[in-house]
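Colleague: mind looking at a prediction? Sequence and model below.
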Amino acid sequence: MSGAAQRLVIVGASIAGLTVAESLRAEGYDGDLVLIGEERYEPYGRPPLSKQVLTGRWEAAQATLRTQEQLRSLGIELRRGTRARGLDLRRRELQLDDGALGYRTLVIATGAAARVPAIPGASLLLRLRGRDDIDRLRDAIRMRDHARQEPLVVLGSGVLASEIASAAREAGRAVVMVGRNGRLTLGPLGGLLSDRLIAHHRAHGVEVRAGLGIRAVTPAPDTGLDVVLGDGSTRHADAVVAAIGSVPSITWLAASGVRLDDGVVCDSSGRVLSGTGPVPDVYAVGDVARWGDPLTGISARVEHQTNAIEQAISVARTITTGVAGRTPVPFFWSEVHGVRIQAYGHLDPAAALVPLAGRESGEWTIAATPSASAPAGVIGWGAGREFRTARSLVAAAPAPVAS
Amino acid sequence: MAESRMLRVVEVRGMKIRADASACVGAGQCALVAEAVFDQDDDGIVLVLDPEPDSSQAGSVRNAATLCPARAITVEE
């Protein structure tokens, strides 16, 4: 197959796949680069979808990270609207919608899809994973003058659920949060800020019924939906959105021989593992990838943009220099009811928080964990510029790890 | 109605650098790796200090773009 001898193929054109491509060029890689995306859009960022785009501050297109033309000028061929169907490791061929594509090196970055709850009526639920979901969710949030003030029900307890609830309140829509978890979580912070977050939601008019869950959803006789909650009670809702995490997109790899375990299993440098060890010249990054930690022996799949970017940069370095050089940027952020929540460093969700700075009302804006003098992590709640000072308290990130 | 993007544009030796204030999340990575070029305002949002930085800053500016968790800084060369 002409070109395959030198071709580096990245399957998945969201933040992880895009960053691999850009980093390879930045590292001086000058071979053929093909970036394949199943969506019809140019590569875009997901974090703004539940914030700036959902609230209407941005048009959806403003989430675009790189245009086809910008990629072409970097020597990156973007193929949009093309799904991966299978992988033949022995022949080094990727099976796509439109045929087979040979590769010399392959990077798997196919991400994840919104998880659907196993309840009757699940097909009636909205979700927010990509740009295709935006119009329906924006429509559900928008208040129509003549409509009854029915709530948006949000099933979920994590970051996305909180951000969707926040956007709905900003539009004036009533919101009920009914996640199955009794605590609200924020990524690496776990339930550390649950009490404060629940109070924050309630102060902004969100009805929080944490721990309730949903048993079933049916179309209501007039309009909207009848939602049977976990305690057997029924609520009428305008719409229901499920924000309960995501499932890695790996069914296309089922027959490939690649090790799969809630994601593509990789070593600590992102090299994909098979039953017989690392697969030469095949890597995985981002939401789909489960990397092993050489120090703890624990493997983890992390669904956050900073992880995707970190892994992508590391794999690009591994491919071009043979040395991983991972630069950790353990930063997390969210924005809920106009308040930015940030975290930097290593946070133990079970540790006590030590307030370092605060407002006159007594609520902290900066907190450290586990101690103030040598914190492993710092958290900001509406902190602004002072978060940067707090960051410097955290021991310098470990030097890039060669592997 | 989309709000207008507050783009702060900087040129370094033919590199066009855009710092999008509406995408910024106040992480401060840029200010850490390219402190001569980027800072943060009181809300933690990116500020471009020097619209015509010295060419010696090119590498650190590229790093700042790469390490921004929100992809708020883009570089066109």
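Modeller: Okay, I see it.

Colleague: low-confidence ranges in chain A?
Modeller: Residues of chain A meeting the criterion pLDDT under 70: A:1-3, A:145-148, A:395-403.

Colleague: can you list the residues of it near chain B?
Modeller: A:15, A:19, A:22-23, A:26, A:45, A:47-48, A:52, A:56-59, A:62, A:65, A:70, A:305-306, A:309, A:313, A:327, A:329, A:331, A:333, A:335, A:340, A:342, A:344, A:380, A:383-385, A:387-388, A:391 (Cβ under 8 Å from any Cβ of the partner chain). Bear in mind the C-beta positions are built from the backbone N, C-alpha and C, glycine included.

Colleague: out of those, which are buried?
Modeller: A:15, A:19, A:22-23, A:26, A:45, A:47-48, A:52, A:56-58, A:62, A:65, A:70, A:305-306, A:309, A:313, A:327, A:329, A:331, A:333, A:335, A:340, A:342, A:344, A:380, A:383-385, A:387-388, A:391 (16 or more other Cβ atoms under 10 Å in any protein chain shown).

Colleague: out of those, which sit inside strands?
Modeller: A:331, A:333, A:335, A:340, A:342, A:344, A:380 (DSSP state E).

Colleague: what about the residue lying closest to B:Val37 once chain neighbours are set aside, neighbour count?
Modeller: Distances taken as Cβ to Cβ, 6 or more residues apart in numbering or on different chains put B:Pro53 closest to B:Val37, at 5.0 Å, once the chain neighbours are dropped. If you count neighbours by other Cβ atoms under 10 Å in any protein chain shown, B:Pro53 ends up with 22.

Colleague: does B:Pro53 touch B:Val61 like I think?
Modeller: Yes. In this structure B:Pro53 lies within contact range of B:Val61 using Cβ atoms under 8 Å: 7.2 Å.

Colleague: give me the longest helix you can find in chain B.
Modeller: Longest helix in chain B, counting residues (DSSP state H): helix B:58-67.

Colleague: packing partners for that helix?
Modeller: helix A:15-26, helix A:305-321, strand B:7-12, strand B:15-20, helix B:29-33, strand B:73-76 (3 or more Cβ pairs under 8 Å, 6 or more residues apart in numbering or on different chains; DSSP states H and E).

Colleague: point out the most buried one among the ones you listed.
Modeller: helix A:15-26 (a mean of 26; mean count of other Cβ atoms under 10 Å in any protein chain shown).

Colleague: mind listing residues that contact it?
Modeller: For helix A:15-26, contacts defined as Cβ atoms under 8 Å, 6 or more residues apart in numbering or on different chains pick out A:8, A:10-11, A:33, A:35-37, A:43, A:45-46, A:65-66, A:71, A:74-76, A:107, A:109, A:111, A:285-289, A:305, A:308-309, A:311-313, A:315-317, A:319-320, B:62, B:66, B:71.

Colleague: OK, contacts around A:Leu192?
Modeller: Contacts of A:Leu192 by Cβ under 8 Å, 6+ apart are A:186, A:347, A:349-351, A:353, A:369, A:379.

Colleague: mind putting these into a markdown table with neighbour count and secondary structure?
Modeller: As requested, these are exported to a markdown table (neighbours: other Cβ atoms under 10 Å in any protein chain shown; DSSP: H, G, I helix; E, B strand; the rest coil):
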| residue | neighbour count | secondary structure |
| --- | --- | --- |
| A:Leu186 | 24 | coil |
| A:Leu347 | 25 | coil |
| A:Pro349 | 16 | coil |
| A:Ala350 | 10 | coil |
| A:Ala351 | 16 | coil |
| A:Leu353 | 18 | coil |
| A:Thr369 | 23 | strand |
| A:Ile379 | 28 | strand |
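
Colleague: wait, which of these is closest to chain B?
Modeller: A:Ile379 (12.9 Å; Cβ to the nearest Cβ).

Colleague: quick one: the closest one and A:Thr369 touch, right?
Modeller: Yes. With contacts counted by Cβ under 8 Å, A:Ile379 reaches A:Thr369, the gap being 7.2 Å.

Colleague: what touches both of these two?
Modeller: A:192, A:347, A:353.

Colleague: if you count neighbours, what's buried in the longest helix of chain B?
Modeller: B:58, B:60-67.

Colleague: next SSE after the helix or strand hosting A:His201?
Modeller: According to DSSP states H and E, A:His201 maps onto helix A:194-203. Going down the chain from helix A:194-203, the next helix or strand is strand A:206-208, by DSSP H and E.

Colleague: what sits against A:Ala171?
Modeller: Applying Cβ under 8 Å, 6+ apart to A:Ala171 gives the contacts A:55-56, A:141-143.

Colleague: who wins for neighbours among these?
Modeller: A:Ile141 (24 neighbours).

Colleague: from what I can see that one touches A:Ala165, true?
Modeller: No. With contact defined as Cβ under 8 Å, A:Ile141 does not reach A:Ala165; the gap is 10.1 Å.

Colleague: pull up the overlap in contacts between the two.
Modeller: A:Leu152.

Colleague: quick check: A:Arg83 touching A:Leu94?
Modeller: No. The criterion here is Cβ under 8 Å, and A:Arg83 misses it with A:Leu94 at 10.7 Å.

Colleague: not counting its neighbours along the chain, what's nearest A:Gln70?
Modeller: Computed as Cβ to Cβ, 6+ apart, the closest residue to A:Gln70 that is not its neighbour in sequence is B:Glu76, at 7.3 Å.

Colleague: enumerate the residues of chain B near chain A.
Modeller: Going by Cβ under 8 Å from any Cβ, the residues of chain B near chain A are B:1-3, B:5, B:22-23, B:25-29, B:31-32, B:40-44, B:62, B:66-67, B:69-71, B:76.

Colleague: mind checking which of those residues are buried?
Modeller: For the residues of chain B next to chain A, buried by 16+ other Cβ under 10 Å: B:22-23, B:25-29, B:31-32, B:40, B:44, B:62, B:66-67, B:69-71.
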